[in-house]
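>>> fold the following, please.
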Amino acid sequence: WKFGLVVNGMGAVVSLIVDVVIAITKFTHGAWVIIALVPVMVVFLVRLARQYELEAQQLEHDVPDAVAAPIMRRHVVLVFVDRLDLAAARAIQYGRVVMPDELRVVHFAIDQHAADQLAEEWLAHGTSNVPLDLVECPDRRITRAAVEAVARELTDGQTEVSVLLPDRKYRGVWHRILHDQTADEIVREVSRLPHANVTAVPFHLDTSRAEPTEITVPVAVPAPAPATVDGSSNGNGRVDPGADGHVRAIGSVGWRQHTTVEGRIRTLRVQRMRGTATLECVLEDETGAASIVFLGRTLVPGIEVGARVRVRGTLGQHHGRLAILNPEYELLPR
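Residues are numbered from 1 along each chain as shown. Next up, the predicted model:
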């Protein structure tokens, strides 16, 4: 660091001399602009770097304790709705999929007639198995009412609250201007409460008239088929492809076949299975995907997301998924 200090110090002195010469000889030719802007830019960049450091310190503070913190005893999901429509129905459906300890739909009644009409529709559509709470909001301050509703659930100190908001996605800017930003205010204020989480469930309008988007999903590895005792056949008379060392397509590999496949690592998962470290990744090619599992290891050199790998082993089963356990592997150029 001493040598670097000398080199950088000499560079700073030379740069200062050059700056002084240019400032004197070219001041009236536009150098004054640089002289005025450089201090402003330096102050701005210093403050920006300081802000990044403060944010990093806050995010990194007590990370181990936060990760190991005990989970709350109860999980309550509140779905905030203003009316019963497709967007609200989608949010309620998602809330049921989460399977919380308690699921409730909350409507802040700023108009008693609209609230009564919502209650009638709620019973008419057979949704009475999910309770609907009509919360009085005479001052029309919906954001404040939302914060109070969530805070009441958090008073016992043993509850995690998730708030679901139907998020209607409009196609044009004009439609966005016509609608208020109450949902954004609710997200901003409710998320400040400890153990309160806010999720927007999107619903795209005009999707019925839009053309469906084609999504290409890799073909899964075929379901397990019976194998002979020696594993040389997969039950339908075919010889084990890949036993000769040739690379096979993942989609053509059968149950209990010793084979060689190659592809790109799409996902990587590090976890502990009953005290044993396990590194699991999903290897994918154009025909399918399969899990590659390294038992007893949390790190394998070169095995990372995006890497191309050739593996050799027997396709078996690991926690209900088709996988090759502890295979031989070879890293390939990307």
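>>> give me the low-pLDDT residue ranges for the stretch 1-150 of the chain?
The stretch 1-150 of the chain contains residues with pLDDT under 70 at 126-128.
>>> where do the helices of it begin and end?
Taking DSSP state H, counting those that start in this stretch as the criterion, the stretch 1-150 of the chain carries its helices at 2-25, 31-60, 63-67, 86-98, 112-124, 142-153.
>>> give me the distance from stretch 38-47 to the chain's centre.
Distance of stretch 38-47 from its chain centroid, counting by Cα atoms, centre = their mean, to the nearest Å, is 35 Å.
>>> same deal with stretch 4-14?
Distance, stretch centre to chain centre, for stretch 4-14: 45 Å (Cα atoms, centre = their mean).
>>> could I have that stretch exported to PDB, CA atoms only?
The C-alpha trace of stretch 4-14 is given here as PDB (Å, rounded to 0.1, in the frame of the first residue of the first chain):
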ATOM      1  CA  GLY A   4       0.600   2.400  -4.300                       C
ATOM      2  CA  LEU A   5       0.300   5.500  -2.200                       C
ATOM      3  CA  VAL A   6       3.500   7.000  -3.800                       C
ATOM      4  CA  VAL A   7       2.400   6.100  -7.300                       C
ATOM      5  CA  ASN A   8      -1.100   7.500  -6.900                       C
ATOM      6  CA  GLY A   9       0.200  10.600  -5.100                       C
ATOM      7  CA  MET A  10       2.600  11.400  -8.000                       C
ATOM      8  CA  GLY A  11      -0.300  10.900 -10.400                       C
ATOM      9  CA  ALA A  12      -2.500  13.300  -8.400                       C
ATOM     10  CA  VAL A  13       0.300  16.000  -8.300                       C
ATOM     11  CA  VAL A  14       0.800  15.700 -12.100                       C
END
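>>> quick revisit: could you identify which of the helices of the stretch 1-150 of the chain is most buried?
The highest mean neighbour count among those, using mean count of other Cβ atoms under 10 Å, belongs to helix 142-153: a mean of 18. To be clear about C-beta, it is placed using only N, CA and C from the backbone, and glycine gets the same treatment.
>>> spit out the contact partners of residue 265.
Contact analysis of residue 265 by Cβ atoms under 8 Å, 6 or more residues apart in numbering lists 281-284, 292, 303-309.
>>> those helices in the stretch 151-300 of the chain, which residues are they?
Shown for the stretch 151-300 of the chain, the helices assigned by DSSP H, counting those that start in this stretch span residues 173-178, 182-190.
>>> worst mean pLDDT among the ones you listed?
For the helices of the stretch 151-300 of the chain, mean pLDDT drops lowest on helix 173-178, to a mean of 61.
>>> ok, back up a step: TSV for the helices of the stretch 1-150 of the chain, including distance to residue 134?
Converted to TSV, the helices of the stretch 1-150 of the chain look like this (distance: least, Cβ to Cβ, whole Å):
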stretch	distance to residue 134
helix 2-25	68
helix 31-60	39
helix 63-67	37
helix 86-98	14
helix 112-124	5
helix 142-153	11
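>>> among those helices, which comes closest to residue 322?
helix 86-98 (25.7 Å; Cβ to Cβ).
>>> can you dump the C-alpha atoms of that closest one in PDB for me?
Taking Å, rounded to 0.1, in the frame of the first residue of the first chain, the C-alpha atoms of helix 86-98 are listed here in PDB:
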ATOM      1  CA  LEU A  86     -62.100 -10.900 -11.400                       C
ATOM      2  CA  ALA A  87     -59.100  -9.100 -10.000                       C
ATOM      3  CA  ALA A  88     -60.300  -9.600  -6.400                       C
ATOM      4  CA  ALA A  89     -61.300 -13.300  -7.200                       C
ATOM      5  CA  ARG A  90     -57.700 -13.900  -8.400                       C
ATOM      6  CA  ALA A  91     -56.200 -12.400  -5.200                       C
ATOM      7  CA  ILE A  92     -58.600 -14.500  -3.000                       C
ATOM      8  CA  GLN A  93     -57.700 -17.600  -5.000                       C
ATOM      9  CA  TYR A  94     -54.000 -17.000  -4.400                       C
ATOM     10  CA  GLY A  95     -54.700 -16.400  -0.700                       C
ATOM     11  CA  ARG A  96     -56.300 -19.900  -0.500                       C
ATOM     12  CA  VAL A  97     -53.300 -21.500  -2.300                       C
ATOM     13  CA  VAL A  98     -51.000 -20.100   0.400                       C
END
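>>> let's number from 46 now, not from 1
With the count now opening at 46, the last piece we talked about shows up as helix 131-143.
>>> which residues touch it?
120, 122, 124, 126-127, 148, 150, 172, 175, 207, 209-213, 246, 248.
>>> picking that back up, wait, which of the helices of the stretch 46-195 of the chain is closest to residue 296?
helix 131-143 (30.0 Å).
>>> now do the closest one: distance to the chain's middle.
The answer for helix 131-143 is 19 Å, by Cα atoms, centre = their mean.
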